[in-house]
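Student: predicted model follows, preceded by the sequence.
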Amino acid sequence: MTQFVITTQFLENYGAHAEDGKFASGNAYWKMKGGTDYCVSGLDRIQDAVAFVAAKEMYNGIGAKEFPVEWKTYEEWVAELPEDEDYREFLLEQLKHVDPREVCK
């Protein structure tokens, strides 16, 4: 079974810290933040991996949102890692492993 890496982008609404954070009130102030690389096991199709991460792992509220921005096989993701050994190791350590078979137990 193939593993997939789903990369997300995180947005934070600074307007939700001191105000209601709504566009209608003029208080929304969104800023791009980091994201997460999710390694998904237990699924055969990349579309299913993207949908699983979106449903089970991503946050969606007035104060923040997370959404998928890239998806590839684990092999493709590893092949594109930087050559710097310390940075490669850091990225591999930060990879969040998820599996729908574990969530459903």
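Tutor: That came in fine, so what should we check first? In this text, all values refer to a predicted model and were calculated from it rather than measured experimentally.
Student: host element of residue 47?
Tutor: helix 46-56 (DSSP states H and E).
Student: and what of residue 8?
Tutor: strand 4-13.
Student: sheet partners, orientation included, of that strand?
Tutor: strand 30-32 (antiparallel), strand 37-40 (antiparallel), strand 64-73 (antiparallel) (DSSP bridges).
Student: between that strand and helix 46-56, how many degrees?
Tutor: 40 degrees (axes from the mean of the first three to the mean of the last three C-alpha atoms, to 10 degrees).
Student: buried sites along strand 4-13?
Tutor: In terms of neighbour count (16 or more other C-beta atoms under 10 Å), strand 4-13 has its buried residues at 4-6, 8, 10-13. Any C-beta I mention is one placed from the backbone N, CA and C, and that applies to glycine too.
Student: that one: what's the following helix or strand?
Tutor: Heading C-terminal from strand 4-13, the first helix or strand you meet, by DSSP H and E, is helix 15-18.
Student: check what contacts that following helix and list those residues.
Tutor: 21-22, 27-30, 62-63 (C-beta atoms under 8 Å, 6 or more residues apart in numbering).
Student: what of stretch 53-62?
Tutor: In contact with stretch 53-62 (C-beta under 8 Å, 6+ apart) are residues 6, 8, 10, 13, 16, 20-22, 36, 38, 40, 65-68, 96, 98, 100, 103.
Student: check the separation of the first and last residues in that stretch.
Tutor: One end of stretch 53-62 to the other measures 20 Å (C-alpha to C-alpha, to the nearest Å).
Student: sorry, back to before: adding pLDDT and distance to residue 87, write the buried residues of strand 4-13 out as JSON lines.
Tutor: As requested, the buried residues of strand 4-13 are exported to JSON lines (pLDDT from 0 to 100; distance: C-beta to C-beta, whole Å):
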{"residue": "4", "pLDDT": "98", "distance to residue 87": "22"}
{"residue": "5", "pLDDT": "98", "distance to residue 87": "16"}
{"residue": "6", "pLDDT": "98", "distance to residue 87": "20"}
{"residue": "8", "pLDDT": "97", "distance to residue 87": "19"}
{"residue": "10", "pLDDT": "95", "distance to residue 87": "20"}
{"residue": "11", "pLDDT": "95", "distance to residue 87": "25"}
{"residue": "12", "pLDDT": "94", "distance to residue 87": "25"}
{"residue": "13", "pLDDT": "92", "distance to residue 87": "30"}
